[in-house]
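J.: Any chance you can model this:
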Amino acid sequence: MDRLKMSKAVVVGDLNVGKTCLINRFCKDVFNRDYKATIGVDFEIERFELSGLPYSLQIWDTAGQEKFKCIASAYYRGAQVIITVFDMADIKTLEHTRQWLMEALGENEPNTCFMFLVGTKRDLLSAEECQRTERDAVKMASEMNAEFWSVSSKTGENVQEFFFRVAALAFEDAVLKDMELGNCSVKIGDGGILSKPSPALPIHYFTHPLLYPTPTLLILFFTQPPLYSSPSLPNPHFTHPPLYPTPTLLIPHFTQPPLYSSPALPNPHFTHPLL
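T.: Sure thing, here's the model as predicted:
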């Protein structure tokens, strides 16, 4: 079970786009107006309890300065999650996100990482400017095969929701990989057992005990669907636990969906909790 206890996320992006502020808002619930560039790398460990199981997410904060790239890139390796950040008030930083993602993927197997595009400082934009930038970001996220989130580290808007999404996907991925390695069943937390479902049925669409066999692997993500999400991400609209069979992996998360989710993530387009 050790492999289920920790995952690694790396945060990349241009200088001064708000990577450190994003992490500090989530991990420490603080916002520091005084800018201080990250030198090399820094990291935080955030601890969760998912279905009674202790789980930690390492969040690696990498420098955006060119002179530190060689140092920072060494820490990209072994990531399960790549978070590419841009400043919504500076559209040029969005244009650079593709290169940042490619550099991080170059140190990892592309098919093993969840990819996220995060726009920060949305509080600095008017409603019209925000919508325009979000449209551009959705297009970029689609090209990058990443899920897009628009956040404000200053106000905290969407920050916790975003990182809960990251943790849930990374944890679920660890569970599935443990099963693929030959563990046909995995003991989760307080004693529930998750067994491998039938290969004939899609893992992420076990939504009703009358429709699908038990046991199931189910992660609860949002209470409303994102504006766009990928067919490869788990369905985030499972909102009524009494409908689901047991044993079940239920991770309650957040109410705010991403603006865009990549086709590499499970399909979130189920919008009625009773299905």
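
J.: all contacts plus neighbour counts: C-alpha atoms, from now on.
T.: Noted.

J.: Not counting the helix or strand containing Val138 itself, show me its contacts.
T.: Using DSSP states H and E, the element containing Val138 is helix 127-144. Judged by CA atoms under 8 Å, 6 or more residues apart in numbering, the contacts made with helix 127-144 from elsewhere in the structure are 88, 91, 94, 98, 116-117, 119, 122, 147-148, 150, 259-263.

J.: filter those to the buried ones?
T.: The neighbour-count test (16 or more other CA atoms under 10 Å) marks 88, 94, 98, 116-117, 119, 122, 147-148, 150, 259-263 as buried among the contacts of helix 127-144.

J.: Which two among these are spaced furthest apart?
T.: The widest separation within the buried ones among the contacts of helix 127-144, taken as CA to CA, falls between Arg122 and Pro263 and amounts to 24.7 Å.

J.: got any ranges where this structure has weak pLDDT?
T.: Segments of the chain classed as low confidence (criterion: pLDDT under 70) are 1-4, 34-40, 50-53, 64-73, 110, 179-257, 262-275.

J.: Can you tell me which helices and strands the helix ranked longest in it packs against?
T.: As assigned by DSSP state H, the longest helix anywhere in the chain is helix 159-180. For helix 159-180, the packing partners by 3 or more CA pairs under 8 Å, 6 or more residues apart in numbering; DSSP states H and E come out as helix 19-28, strand 185-188.

J.: how about that helix as PDB, C-alpha atoms only?
T.: Extracted as PDB, the C-alpha positions of helix 159-180 are listed here (Å, rounded to 0.1, in the frame of the first residue of the first chain):
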ATOM      1  CA  VAL A 159      -7.900  27.100  -5.400                       C
ATOM      2  CA  GLN A 160      -9.000  24.400  -3.000                       C
ATOM      3  CA  GLU A 161     -11.400  22.900  -5.500                       C
ATOM      4  CA  PHE A 162      -8.600  22.600  -8.000                       C
ATOM      5  CA  PHE A 163      -6.100  20.900  -5.700                       C
ATOM      6  CA  PHE A 164      -8.800  18.500  -4.400                       C
ATOM      7  CA  ARG A 165      -9.300  17.500  -8.000                       C
ATOM      8  CA  VAL A 166      -5.600  16.900  -8.500                       C
ATOM      9  CA  ALA A 167      -5.400  14.800  -5.300                       C
ATOM     10  CA  ALA A 168      -8.400  12.700  -6.200                       C
ATOM     11  CA  LEU A 169      -7.200  11.900  -9.700                       C
ATOM     12  CA  ALA A 170      -3.700  11.000  -8.500                       C
ATOM     13  CA  PHE A 171      -5.000   8.800  -5.700                       C
ATOM     14  CA  GLU A 172      -7.400   7.000  -8.000                       C
ATOM     15  CA  ASP A 173      -4.600   6.500 -10.500                       C
ATOM     16  CA  ALA A 174      -2.400   4.900  -7.800                       C
ATOM     17  CA  VAL A 175      -5.200   2.500  -6.800                       C
ATOM     18  CA  LEU A 176      -5.800   1.500 -10.400                       C
ATOM     19  CA  LYS A 177      -2.100   0.900 -11.000                       C
ATOM     20  CA  ASP A 178      -1.800  -1.200  -7.900                       C
ATOM     21  CA  MET A 179      -4.600  -3.400  -9.300                       C
ATOM     22  CA  GLU A 180      -2.800  -3.600 -12.700                       C
END
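
J.: for it, which positions count as buried?
T.: 159-176, 178-179.

J.: do the same with stretch 115-134
T.: Residues of stretch 115-134 classed as buried by neighbour count (16+ other CA under 10 Å): Met115, Phe116, Leu117, Val118, Gly119, Thr120, Lys121, Arg122, Asp123, Cys130, Thr133, Glu134.

J.: So which of those residues are in strands?
T.: With strands defined by DSSP state E, the entries of these inside them are Met115, Phe116, Leu117, Val118, Gly119, Thr120.

J.: and Tyr76, what does it touch?
T.: Taking CA under 8 Å, 6+ apart as the definition of contact, the neighbours of Tyr76 are Val10, Ala104, Glu107, Asn108.

J.: Would you map the strands across the protein?
T.: Counting by DSSP E, the chain forms strands over residues 6-13, 41-50, 53-62, 81-87, 114-120, 147-150, 185-188, 192-195, given from the N-terminal end onward.

J.: hey, which of those strands is tucked in deepest?
T.: The densest packing among the strands of the chain, expressed as mean neighbour count by mean count of other CA atoms under 10 Å, is seen in strand 147-150 with a mean of 28.
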